[in-house]
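S.K.: Predicted structure and sequence below. I'll ask about it afterward.
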Amino acid sequence: MPHTFFVTGTDTEVGKTLIAAALLELAKARGLRCVGLKPIAAGCERVDGRLVNDDALALMAASGASLDYRTVNPVALEPAIAPHIAAEQSGVVLCASDLAERCRSALQGGFDFAIVEGAGGWFVPLNGTETLGDVCIHIGAPAILVVGMKLGCLNHALLTAHAIAEAGGALAGWVANSATAEMPMFAANVDTLRERLDAPCLGVVPYLGAGAGPDDAVGHLAIEPLLT
């Protein structure tokens with residue numbers, strides 16, 4: 001299996017896709033054959049008779065891998081709500097081991113570097129007993145934590161890191177991604193995360209504004225700690 005990482009976040013809308021796509025761009029620029037996967041996505045739109053998700057499309061564009069859409073995003077749900085509720089409404093049964101197996105199958109294409117992006121945060125439910133974090137554990141990939149820098153992020157980040165460790169997972173690195181234009185004591189909060197998180201900081205991304213893309217973030221990230 002290639003160097004594979006599971007991207008999770010401290011919350012929804014913290015920039016997981018932006019960071020995941022930027023890391024894929026960095027790996028691709030180093031000549032690595034890359035792939036990005038989005039095993040489950042809610043809030044999909046119907047295009048030409050099929051459900052597609054903007055996050056999955058962004059990962060496909062960043063990686064340049066010639067995989068079909070359903071391989072990248074096998075579970076596409078239309079309601080823009082929590083995945084397990086969207087799945088119930090759509091008559092879809094979600095299972096962590098099944099999603100992980102789909103990911104492992106997609107990774108058997110001679111890739112060097114892979115990103116699997118979750119949905120929401122680590123503890124987002126899949127069903128009555130499993131969460132998105134269980135997909136990461138079943139894959140056997142270390143996690144990358146995207147911290148949405150805003151009031152409350154220290155608690156969210158440290159709780160998520162603790163949950164990853166308690167599940168038997170590993171934290172490969174974390175990214176401080178500015179969720180708002182201004183955050184009081186931003187640098188002090190980043191310093192606290194550096195002190196408390198037992199993993200390398202892969203970058204501190206300033207607020208890039210609406211419409212920012214992976215190319216805007218790559219200059220603020222370092223991929224080297226993931227390739228050793």
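M.R.: Structure's in. What do you need?

S.K.: In contact with Tyr69: list those residues for me.
M.R.: Residues in contact with Tyr69, defined by C-beta atoms under 8 Å, 6 or more residues apart in numbering, are Arg50, Val52, Ala56, Leu57, Met60. Heads up, the C-betas are built off the backbone N, CA and C, glycines and all.

S.K.: of those, closest to Gly148?
M.R.: The nearest member of these to Gly148, counting by C-beta to C-beta, is Ala56 at 20.5 Å.

S.K.: looking at this, that closest one is in a helix?
M.R.: Yes - Ala56 forms part of a helix when assessed by DSSP: H, G, I helix; E, B strand; the rest coil.

S.K.: So it is in contact with Thr71, correct?
M.R.: No - the criterion here is C-beta atoms under 8 Å, and Ala56 misses it with Thr71 at 10.2 Å.

S.K.: Settle it for me: which of those two has more neighbours?
M.R.: Ala56 (24 against 16; other C-beta atoms under 10 Å).

S.K.: Name the helix or strand for the closest residue to Pro79 other than its chain neighbours, please.
M.R.: Nearest non-adjacent residue to Pro79, counting by C-beta to C-beta, 6 or more residues apart in numbering: Ala86, 4.1 Å away. Secondary structure assignment for Ala86, by DSSP states H and E: helix 83-90.

S.K.: Buried residues of that helix, list them for me.
M.R.: Pro83, His84, Ala86, Ala87, Glu88 (16 or more other C-beta atoms under 10 Å).

S.K.: For the next helix or strand after that helix, name the packing helices and strands.
M.R.: On the C-terminal side of helix 83-90, the closest following helix or strand by DSSP H and E is helix 96-106. Here helix 96-106 touches strand 34-37, helix 69-72, helix 132-139, going by 3 or more C-beta pairs under 8 Å, 6 or more residues apart in numbering; DSSP states H and E.

S.K.: Return the second one as PDB; C-alpha atoms alone will do.
M.R.: Listed in PDB are the C-alpha atoms of helix 69-72, where the atom choice follows Å, rounded to 0.1, in the frame of the first residue of the first chain:
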ATOM      1  CA  TYR A  69     -15.700   8.700  -9.800                       C
ATOM      2  CA  ARG A  70     -17.300   5.800  -8.000                       C
ATOM      3  CA  THR A  71     -13.900   4.400  -7.100                       C
ATOM      4  CA  VAL A  72     -13.000   7.700  -5.500                       C
END
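
S.K.: and the helix or strand just after it, which strands flank it?
M.R.: Later in the chain than helix 69-72, the nearest helix or strand by DSSP H and E is strand 75-76. In the sheet, strand 75-76 lines up against strand 40-41 (parallel) (DSSP bridges).

S.K.: Mind listing the strands the following helix or strand past the partner strand pairs with, and their directions?
M.R.: Following strand 40-41 in sequence order, the next helix or strand is strand 45-47 (DSSP H and E). Strand 45-47 sits in its sheet next to strand 50-52 (antiparallel), going by DSSP bridges.

S.K.: In the strand it pairs with, which residues are buried?
M.R.: Leu51, Val52.

S.K.: How far off centre is it?
M.R.: In terms of C-alpha atoms, centre = their mean, to the nearest Å, the gap separating the centre of strand 50-52 from the centre of its chain is 20 Å.

S.K.: what about that strand, average pLDDT?
M.R.: In this model, strand 50-52 has an average pLDDT of 94.

S.K.: do the same with stretch 21-35
M.R.: pLDDT averaged over stretch 21-35 gives 96.
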